[in-house]
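*Asks:* model the following, please.
(chains A, B, C, D and E)
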Amino acid sequence: LLCMANVHANVHVNVNVSPRLEPTAASQVTNTDSSAQQQATHVEISLHINKLYQVETKNESFKIDAYLVMRWHKPDNTIEPGVFENIQVQQARQFGLWLPVIEFINVLGRREIANQRVTISSDNWVEYNERFTTTFTTDMDFRQFPFDQQTFSVLMEPFTYDERQLVISKAQVFPKVLGNALDGQWSQLSAPQASVSRQSYSHLSNNGEPDVNFSRLTIAVDVARKSDFYIWQFILPLTLIIIASWAVFWIAGFGERLGTSFTLMLTVVAYNFYTGNLLPHLPYTTLIERLVIFSYVSIFAAILLIVINRVRHPENSANTRLIKTCRYLFPIGFILMMALLIWWNQNL
Amino acid sequence: LLCMANVHANVHVNVNVSPRLEPTAASQVTNTDSSAQQQATHVEISLHINKLYQVETKNESFKIDAYLVMRWHKPDNTIEPGVFENIQVQQARQFGLWLPVIEFINVLGRREIANQRVTISSDNWVEYNERFTTTFTTDMDFRQFPFDQQTFSVLMEPFTYDERQLVISKAQVFPKVLGNALDGQWSQLSAPQASVSRQSYSHLSNNGEPDVNFSRLTIAVDVARKSDFYIWQFILPLTLIIIASWAVFWIAGFGERLGTSFTLMLTVVAYNFYTGNLLPHLPYTTLIERLVIFSYVSIFAAILLIVINRVRHPENSANTRLIKTCRYLFPIGFILMMALLIWWNQNL
Amino acid sequence: LLCMANVHANVHVNVNVSPRLEPTAASQVTNTDSSAQQQATHVEISLHINKLYQVETKNESFKIDAYLVMRWHKPDNTIEPGVFENIQVQQARQFGLWLPVIEFINVLGRREIANQRVTISSDNWVEYNERFTTTFTTDMDFRQFPFDQQTFSVLMEPFTYDERQLVISKAQVFPKVLGNALDGQWSQLSAPQASVSRQSYSHLSNNGEPDVNFSRLTIAVDVARKSDFYIWQFILPLTLIIIASWAVFWIAGFGERLGTSFTLMLTVVAYNFYTGNLLPHLPYTTLIERLVIFSYVSIFAAILLIVINRVRHPENSANTRLIKTCRYLFPIGFILMMALLIWWNQNL
Amino acid sequence: LLCMANVHANVHVNVNVSPRLEPTAASQVTNTDSSAQQQATHVEISLHINKLYQVETKNESFKIDAYLVMRWHKPDNTIEPGVFENIQVQQARQFGLWLPVIEFINVLGRREIANQRVTISSDNWVEYNERFTTTFTTDMDFRQFPFDQQTFSVLMEPFTYDERQLVISKAQVFPKVLGNALDGQWSQLSAPQASVSRQSYSHLSNNGEPDVNFSRLTIAVDVARKSDFYIWQFILPLTLIIIASWAVFWIAGFGERLGTSFTLMLTVVAYNFYTGNLLPHLPYTTLIERLVIFSYVSIFAAILLIVINRVRHPENSANTRLIKTCRYLFPIGFILMMALLIWWNQNL
Amino acid sequence: LLCMANVHANVHVNVNVSPRLEPTAASQVTNTDSSAQQQATHVEISLHINKLYQVETKNESFKIDAYLVMRWHKPDNTIEPGVFENIQVQQARQFGLWLPVIEFINVLGRREIANQRVTISSDNWVEYNERFTTTFTTDMDFRQFPFDQQTFSVLMEPFTYDERQLVISKAQVFPKVLGNALDGQWSQLSAPQASVSRQSYSHLSNNGEPDVNFSRLTIAVDVARKSDFYIWQFILPLTLIIIASWAVFWIAGFGERLGTSFTLMLTVVAYNFYTGNLLPHLPYTTLIERLVIFSYVSIFAAILLIVINRVRHPENSANTRLIKTCRYLFPIGFILMMALLIWWNQNL
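*Replies:* Now for the predicted structure:
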């Protein structure tokens, strides 16, 4: 956001430290045209996660507030040792300081940088440190919702340089900080892992040439949803309502039976629309949606049997054998269904 | 975001590489005033789609996170070969590097650029690569909703130069990347297509002169909605409710019949308002809305027939011929209506 | 976003093209201190509307994505002919290029500019072209909602210079483009109109002096709401419910009559809250709200008459003359009310 | 957003108009270290309000789109007369033009500036004019909602300089413009007032020294809510429902009485949640909330009395004296309560 | 946002005040490579809170609008005394003014700065003052909701320099200003506290070396929620509904009993979903959710007992001993539960 013109205008003085137009990376990173013998720059990257928050199931995204620390060795002495903060970092880039441009592969939009710093030590090691906030997208599987486990991952690659020029040599993620900073609705299953892999882009290479490979850093945080909220606020009431719905088999009047059943139907509709707002409109049903669908089917079956019973016993439909069977059949069906759902859930 | 003053202040030295005020495009692109014999610049454009997401039916828009790669031949040697990243790209523009300004025709707002890069090879080929995120608008047709198919398209044109000066010579979109990155609620019908066409703007040309033509790049992604969610969470419950509503023809009491019908009416109102929030307020009805309207009409017809039956048989209205006919008429009407809706849907 | 230091540092060379501090407008536009004989600059303005969208009735605002094209004659030769794109436009301003600063009078916030361009021809005509997106506010009248017609207007004025210095000499809006780009929920009544008027600001002039007049460009797009959605999803169901509510006059039991009426009341409450979210909380009622209020009053009147009937005929309240009269009175009242509403709506 | 390097590189030429590092205010505003005899700069401020909109009761905030005009006398001739628009204003600041930094005390976030201009006349009077949009927060009292009156105020103070250095000498707000631009849901009670006061900050001064005083400009717009919407869409239906609820005292069956009462209870719950979304969760109840609470209590009292009546007259509970008394008691109680609410409201 | 090129291009003149590339902090703050004997810079920090608002329980965040004032002693005379406002502050940084970069540890995103100022006094004391708005996140405990107390805290640390180089020597927060500016839904329990502590980062130090310690400033505002809204709008109605639900034990008809109970169930479902939108989906239940769960269980128990009673007394189920017992049991159970909830709440 600023610029400089460090002009020493003495007649016979050459400007020794001037902003350069030449691509500053050229001197740091081996160029694509260069011979393969040249050594790649090794960058050590660590991520210190302050907070993993706003996990949005509707968009399958989460936000991270973290420090990104990169460390590498500088081949020359163009920039003298020192500490550069915020706008001074931009200035230093102007004057020839090379910084590796790292791309977050699964980011949504730009990252917001609160503070950044470059520290150049006297032995030519450079450390870049920034605090950033941004949104990532990650594939989420909600079939077991609300008992689901997810892996929140962050993928990074150098934006420009492939393996021959830039290698992520060391990857770290600091779990201590994460420990007490995870979104309160999730519990961490294990310490976050950072690993470096090789990502191949075959469509970027020309015919006959070998694939272009990039050094990829993957950070994975395995988490499990804390399902207490959904048990207390969702599964418990819905279970109570399903159980209570069997009471219609004791009601004598046919009309009252149906009226009560339809009030129950309306209640399940409310649950149906509430779940529809919790998750994206997925092509599969979640555990909790299967429970809602079971409720519909259960109440519908009750209405159907009540009407069938009525057709077969028009005079006295209160305590026929069919109704009496239902009093046992529905609880058994419910228990079987719940067992099936739990078994299904554990084998997904 | 930065500026430079590359001043070689030796007394007798001319500044050879200085920022230029002259329109930098002039040397690259044939000017409008130039003779028609001059050759147009040929730009090859490819789009690597990372993610197509946030398809919003309410706004008829979708977001794309992609790489835009443009490649062209540079006529002169003003800028030496090298790699320019992010702010260095802006610097290079200052020093005379020409970049084609491409406009996304159906974009909403500006595009957000996360990283950008220019690579100039020793044989004067320039490659521009940027990662961007932005929102596009595309015409959507929801009449078959939730069984609808849409074409998400991205249109690009040079902002300034017409066909005589700038031609999109090659268009590519990479489907591999798209494969696993499409919004989970849609399935891809075929590989995305990229094509170049000629867009004519007659109102931009003066009288008598030929039309102004621009080179237009169109990328089209044909997708179909995964309708499972709507079948399980919407059509199934609503169908169960419609079927259950026929139970009123077995209820004896006139008052209870009506009471039950009105509870059903209230349930359909809930469905009505829920669909009203899924889609924009369109001047046509969707398949799912037609189903809701049919529910209204069906329940209303039941109420009407019940009242008519009551008027004609004030004493014993329970099992008249009219009511008995309804027990068969309504299921038949429902099956016919569903068949009609499905037939209608397939012939839209 | 950038800066330049075009320093030709040869000892005896004067900098001929340097950024100027002097108000660049001074040479282009006649200054307020200048004599009145000086000619005003004539600017031709045209707006090419790509999309008119996100019409928000709650905020009485709409968004426009359009090209703003301005064309005027440059009195001097400071800037040579050529094409300037995006950041080059800013550079050219630095070096003395004057651009008319046009203000959107009814804008909300800043406009977002995707691309901009200045073309200077060899005969000193300058054309400025920008693609922008922004939000406008316009007075909307919802009394006839959902059968309302609105005029979406865009007002522009020079920010600084009054008529004596800057005149909008020609105004155009291109309807072709608009044709297929209007928000799908509205239909266009006539071709959009562009007109230039004189806006007088009496409070800006000193006592005794004549009023200050500005050249104002007004673009008006007359549109009508496509009301099909509201007819099918709102008026039809509500009408069915009102008609169905008359069934209570055939119910025998007093308690069931009331119970049914209150379920109907609850249904109308849902409609009431739904309309409350469609529009701002206006000091007048819309057509659709009047229909909802009529529903309330109708059901309330039914309850009242049922109770009065009960008080007068405690033993046998089922088929009294009052109830029998209601069976005819309510339909007639409804038809009269609808006729009144339609007549009222057409005479607003 | 730009920078300049106005370098006249002739060997013997001094740069006469160069950007200065020295605090530019020093020459304009009397410094804190200066002697008290120096005169303070007098700034005349006027606000031309275009639109006062998006009054959000939930956040107690409103937005203003306005012109801020400041006028003061420049002591020296550093900058020559002329007109500076937008980026030229920033340039002029670079070259030593002093602008008073005015702070909006009750603003939320930054203000968005669409256009800005500085006009320097030949007699050294400077006029600064900007069009801005921003959000203000103001204390709102909702106890009388929806019959409440509010004062929307805008507070301004110099950011840095106290009374000894900078005085707001004249304050104006233009009511004409406001007349037709107020948010449609509010009516203006009187012309907006602008006044200048002295704001004392005792904690900023050192011990023993007199308080630091700042010149404060207060603009106050007195408005009253147009309550028609709430009367027609809220109070009328709720009143009808309360009145209709008395019908339960004519119902014969004990069960039907209770069932109807509970349907009414559910309807009032809907109203309760709807009001909960209109306003912030205040520690006091508004008029409209008191009406809802009264509805709850009224229906609860009815249920209680019906049960008590049942306990005392198990056989024939239809027309006991208690029930007959209620038929008169409840309407009287309602009228008394309404009178009390209205009286209470007028005496808040 | 601007840049300068203060070039005195006289042949024999050295540029005395030129923007420096050298890390400007080096001269102010003792470098990490320096000897430990060097003194750390002492910075006094005070926060003047204007408004603490938008407390969002869903995100556990709040916004602060405040002035951040920092004061420290400058070791050299590079920058002369004076006042720098807004963009002049950036300029001064360019010319070598050092500012401590303070990081808000628990911030979400960047802070928005409305105005900023640097005052350099003649005795080399520098005062930095900025008005900012930003969002903070703080751990909130909702178990006692809506009777909960929270501590809103703001944590600050130097971004780069540890204790050996930069010490926060004095911390102040001004409570007067806060007094009348706290979000209206919270009451302040005591004056806000500012304290300085030492934060140890063991993972930042190398093996064998002592821990790296940073000077941390903590500001804590203890607040209690004003629970009146929730008592009047939530607990009162829900309590009335629970009490009214006991009326079913006086209803004679079995079907009517159940019908009424299910209407009550539906009402509690509405309350359940409403609380689900007030707070995040926490792994524990709040006081208010426990009340809702109790309502569910209470109504479910009533339905269960009614059915059990029916099974045991099929002929005359109206006034059995079981039902009569319930008439006393449920009120007693409710009082016990409320006592338990209140006791539990006070001992959390």
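*Asks:* backbone dihedrals for the residue located most distally from the centre of chain A, please?
*Replies:* Distance from the centre of chain A peaks at A:E315, with 60.8 Å (C-alpha atoms, centre = their mean). Here is the backbone geometry of A:E315 (degrees, to the nearest 10): phi -80, psi -60.
*Asks:* look up how far B:F249 lies from it.
*Replies:* 18 Å (C-beta to C-beta, to the nearest Å). C-beta coordinates here come from the backbone N, C-alpha and C atoms, glycine included.
*Asks:* strands along the stretch 51-200 of chain A, start to end?
*Replies:* Secondary structure of the stretch 51-200 of chain A by DSSP state E, counting those that start in this stretch: the strands cover A:61-73, A:82-85, A:102-104, A:112-120, A:125-137, A:149-158, A:166-173, A:186-188, A:193-201.
*Asks:* if I look at A:P314, how far off is A:F254?
*Replies:* Distance from A:P314 to A:F254, by C-beta to C-beta: 10 Å.
*Asks:* of the two, which one has the most company?
*Replies:* A:F254 (22 against 13; other C-beta atoms under 10 Å in any protein chain shown).
*Asks:* how much space between the more buried one and E:T41?
*Replies:* Distance from A:F254 to E:T41, by C-beta to C-beta: 87 Å.
*Asks:* so, low pLDDT: which residues of the stretch 201-348 of chain A?
*Replies:* A:202-209, A:317-318 (pLDDT under 70).
*Asks:* which parts of it sit against chain E?
*Replies:* A:226, A:228-230, A:232-233, A:236-237, A:240-241, A:243-244, A:247-248, A:250-253, A:256-257, A:259-260, A:263-264, A:266-267, A:270-271, A:274 (C-beta under 8 Å from any C-beta of the partner chain).
*Asks:* list the ones among those that fall in helices.
*Replies:* A:228-230, A:236-237, A:240-241, A:243-244, A:256-257, A:259-260, A:263-264, A:266-267, A:270-271, A:274 (DSSP state H).
*Asks:* what's the ChimeraX syntax to select whichever of those residues are buried?
*Replies:* Listed next is the ChimeraX selection for buried residues among these, using 16 or more other C-beta atoms under 10 Å in any protein chain shown:
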select /A:229,230,236,237,240,241,244,256,257,259,260,263,264,266,267,271,274
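*Asks:* ok, and which of the ones in helices among the residues of the stretch 201-348 of chain A next to chain E reach chain B?
*Replies:* A:256, A:259, A:263, A:266, A:270.
*Asks:* quick one, what contacts the first one?
*Replies:* If you count contacts by C-beta atoms under 8 Å, 6 or more residues apart in numbering or on different chains, A:E256 has them with B:256, E:253, E:255-256, E:258-259.
*Asks:* then the fourth one?
*Replies:* With contact set as C-beta under 8 Å, 6+ apart, A:L266 has these partners: B:263, B:266-267, B:270, E:266.
*Asks:* and of those residues, the nearest to C:T78?
*Replies:* Nearest to C:T78 among the contacts of A:L266: B:A270, at 68.6 Å, using C-beta to C-beta.
*Asks:* how about the closest one, nearest residue that isn't a chain neighbour?
*Replies:* A:V269 (5.6 Å; C-beta to C-beta, 6 or more residues apart in numbering or on different chains).
*Asks:* report how many residues lie close to the one you found.
*Replies:* 22.
*Asks:* over to A:R198?
*Replies:* 12.
*Asks:* what's the answer for A:S190, then?
*Replies:* 10.
*Asks:* quick one, grab the pLDDT at it.
*Replies:* On the pLDDT scale, A:S190 is placed at 86.
*Asks:* report the beta-bridge partner residues of the residue lying closest to it once chain neighbours are set aside.
*Replies:* The shortest distance from A:S190 to any non-neighbouring residue, by C-beta to C-beta, 6+ apart, is to A:D222 (5.4 Å). Counting by DSSP bridges, A:D222 is bridged to A:T151.
*Asks:* ok, A:D222 - contacts?
*Replies:* Counting by C-beta under 8 Å, 6+ apart, A:D222 has contacts A:149-151, A:188-190, A:192.
*Asks:* distance check, A:W246 against chain C.
*Replies:* Using C-beta to the nearest C-beta, to the nearest Å, A:W246 is found at 24 Å from chain C.
*Asks:* quick check: the closest residue to that residue other than its chain neighbours vs A:R290, distance?
*Replies:* Leaving out its chain neighbours, the residue that sits closest to A:W246 by C-beta to C-beta, 6+ apart is A:F330, at 5.0 Å. Relative to A:R290, A:F330 is positioned 17 Å away (C-beta to C-beta).
*Asks:* what is the burial count for A:V118?
*Replies:* By other C-beta under 10 Å, the residues close to A:V118 number 22.
*Asks:* what's the answer for A:T285, then?
*Replies:* Residues lying near A:T285 (other C-beta under 10 Å) number 20.
*Asks:* next up, the contacts around it.
*Replies:* Applying C-beta under 8 Å, 6+ apart, the residues near A:T285 are A:143, A:293, B:228-229, B:232-233.
*Asks:* out of those residues, which comes closest to E:Q172?
*Replies:* A:R143 (54.1 Å).
*Asks:* phi and psi next, for that closest one.
*Replies:* phi -60, psi -30.
*Asks:* tell me the spacing between it and chain E.
*Replies:* Separation of A:R143 from chain E (C-beta to the nearest C-beta): 19 Å.
*Asks:* distance of that residue from B:L182?
*Replies:* The value you get for A:R143 to B:L182, if C-beta to C-beta is used, is 19 Å.
*Asks:* and chain E, is stretch A:127-141 touching that?
*Replies:* Yes - using C-beta under 8 Å from any C-beta, stretch A:127-141 comes into contact with chain E via A:131, A:133.
*Asks:* would you confirm that the residue nearest to A:W246 contacts A:S295?
*Replies:* No - checked against C-beta atoms under 8 Å, the pair A:F330 and A:S295 is beyond contact range at 11.8 Å.
*Asks:* the more surrounded of these two?
*Replies:* Using other C-beta under 10 Å as the criterion, A:F330 and A:S295 rank with A:S295 on top: 24 against 20.
*Asks:* what strand or helix carries the more buried one?
*Replies:* In this structure, A:S295 sits in helix A:287-312 according to DSSP states H and E.
*Asks:* gap between that helix and the chain center?
*Replies:* 38 Å (C-alpha atoms, centre = their mean, to the nearest Å).
*Asks:* name the residues of stretch A:41-51 that are buried.
*Replies:* Buried residues in stretch A:41-51 (16+ other C-beta under 10 Å): A:41, A:43-51.
*Asks:* does chain E have contacts with that stretch?
*Replies:* Yes - with C-beta under 8 Å from any C-beta as the criterion, chain E is reached by stretch A:41-51 at A:50-51.
*Asks:* that stretch near chain B at all?
*Replies:* No - Stretch A:41-51 does not reach chain B (C-beta under 8 Å from any C-beta); its nearest approach is 13.1 Å.
*Asks:* starting at the chain centroid, how far to that stretch?
*Replies:* 19 Å.
*Asks:* go on, stretch A:260-270?
*Replies:* 36 Å.
*Asks:* equivalent analysis for stretch A:98-118, please.
*Replies:* In terms of C-alpha atoms, centre = their mean, the centre of stretch A:98-118 is found 18 Å from the chain centre.
*Asks:* quick one: that stretch near chain B?
*Replies:* Yes - using C-beta under 8 Å from any C-beta, stretch A:98-118 reaches chain B at A:101, A:103-105, A:107-111.
*Asks:* among those residues, the buried ones, what's the ChimeraX command?
*Replies:* Selecting just the buried residues from the residues of stretch A:98-118 next to chain B in ChimeraX takes one command, with 16+ other C-beta under 10 Å as the test:
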select /A:101,103,104,105,107,108,110,111
